[in-house]
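Participant: the following block contains a protein sequence and its predicted model.
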Amino acid sequence: MESLFDIQNNIIEILKNKIKLSTREAKIEARFILEHELKMKHASLISNQLLPIKQKNKNKIYKILEERIQHKPLAHIIGEWDFYGLNFFVSQETLIPRQDTELLIDLILKKYPPKQEINILDLGTGSGIIGITLAKKIPNSHVLISDVSLKALKVAKKNILNFKLKNIRAIQSNWFKNIPPKKFDVIISNPPYIDEKSSYLNNPELSYEPKIALISKNKGLKDISHIIEESPNFLSKKGRVFIEHGFDQSGEINSIFLNNNFTKITQHKDLNKIIRVSSGEIKN
């Protein structure tokens, strides 16, 4: 009977050879596959490397692997993914949570104490990861999440129920169209920002993700521009907008903020030292 150590190393080699993942990426995905199928925490995987793996578990593990080497994202195969240390339900109706987006959470938690009472609007929420994480980390906050897709909102509401949160609600809205006329201290979004002609869209794994959540016209800037232009109508005094964007869009985003009467514009780098989030405060 093969051990956990044997199975884990085999998964890593298959992922590296079949879909060309880096060693680091393959190790992470192997860990997620084993955690999901064996119902074990990461620490248990490390401390039980010699554990014999039953044949029925091996069969399920390699079934997952068969789908994965067809370039289907692992998150969609197992139906869940980690974001900011929390486990979220995902589907092909929503984007897979990405580590880059955790920068948005870091910035909000750094600016607002956990006991502060603030109103937060999360636009284009998808599976709800941003708004739900903030609702959980800032329990006195009041969070409204929205998405144009009812199928995405179904996933987000499932996540809200899973975390048993009472300080958050979800509505359908095409950006600000159905947002109630109130003021928010924080408007936050990870909107579509990929140019429809970008070669990045040739990545086979992206065929499993909703194009509406990836692609934006005007070289990827149409939706970001709309959010920044409309947000002053929904911001409280000293309210702030936080936008995730592409690695090469920081110059254009800065100009859009300036052209819409924003001040204290700040651009924030991710772990790779690339500007991925821009924020601004409306002049009052």
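Facilitator: That came through fine. Since the model is a prediction, treat every value here as computed from it, not as a measurement. Numbers count the residues shown, from 1 in each chain.
Participant: can you get me the start-to-end distance on stretch 109-121?
Facilitator: Terminal residues of stretch 109-121 lie 15 Å apart, using CA to CA, to the nearest Å.
Participant: could you pull out the buried residues of that stretch?
Facilitator: Going by neighbour count (16 or more other CB atoms under 10 Å), the buried part of stretch 109-121 is 112, 118-121. C-betas here are computed from N, CA, C, even on glycine.
Participant: residues touching it, excluding its own?
Facilitator: 108, 131, 134-135, 137-146, 179, 182-188, 234, 236, 240 (CB atoms under 8 Å, 6 or more residues apart in numbering).
Participant: please repeat the previous calculation with a cut-off of 6 Å.
Facilitator: 134, 137-138, 140-144, 184-187 (CB atoms under 6 Å, 6 or more residues apart in numbering).
Participant: closest to E13 among those?
Facilitator: Nearest to E13 among the contacts of stretch 109-121, counting by CB to CB, is K137 at 37.8 Å.
Participant: which of the contacts of stretch 109-121 count as buried?
Facilitator: For the contacts of stretch 109-121, a burial check counting by 16+ other CB under 10 Å picks out 134, 138, 141-144, 184-187.
Participant: now, among those, which is nearest to E252?
Facilitator: Nearest to E252 among those, counting by CB to CB, is I187 at 18.9 Å.
Participant: next helix or strand past the helix or strand where that closest one lies?
Facilitator: Taking DSSP states H and E as the definition, I187 sits inside strand 184-189. Reading on from strand 184-189 to the C-terminus, the next helix or strand found by DSSP H and E is strand 194-195.
Participant: and that following strand, which strands flank it?
Facilitator: Sheet pairing of strand 194-195 (DSSP bridges) gives strand 215-216 (parallel).
Participant: now stretch 103-118: average pLDDT?
Facilitator: Stretch 103-118 comes out with an average pLDDT of 95.
Participant: actually stretch 146-157, not the one I typed
Facilitator: For stretch 146-157, mean pLDDT rounds to 97.
Participant: mind listing what's buried along that stretch?
Facilitator: 146-149, 152-156.
Participant: so of these, which ones are in strands?
Facilitator: Among the buried residues of stretch 146-157, the subset assigned to strands under DSSP state E consists of 146-147.
Participant: helix, strand or coil for R276?
Facilitator: Classification of R276 by DSSP: H, G, I helix; E, B strand; the rest coil places it in strand.
Participant: ok now the strand or helix carrying N17, how far from the chain's centre?
Facilitator: Assigned by DSSP H and E, N17 belongs to helix 4-18. With CA atoms, centre = their mean, to the nearest Å as the basis, helix 4-18 stands 27 Å off its chain's centre.
Participant: leaving out chain neighbours, which residue sits closest to the spatially most central residue of the chain?
Facilitator: Nearest residue to the geometric centre of the chain (CA atoms, centre = their mean): P97, 3.1 Å. Excluding the flanking residues, the one nearest P97 by CB to CB, 6 or more residues apart in numbering is F83, at 3.8 Å.
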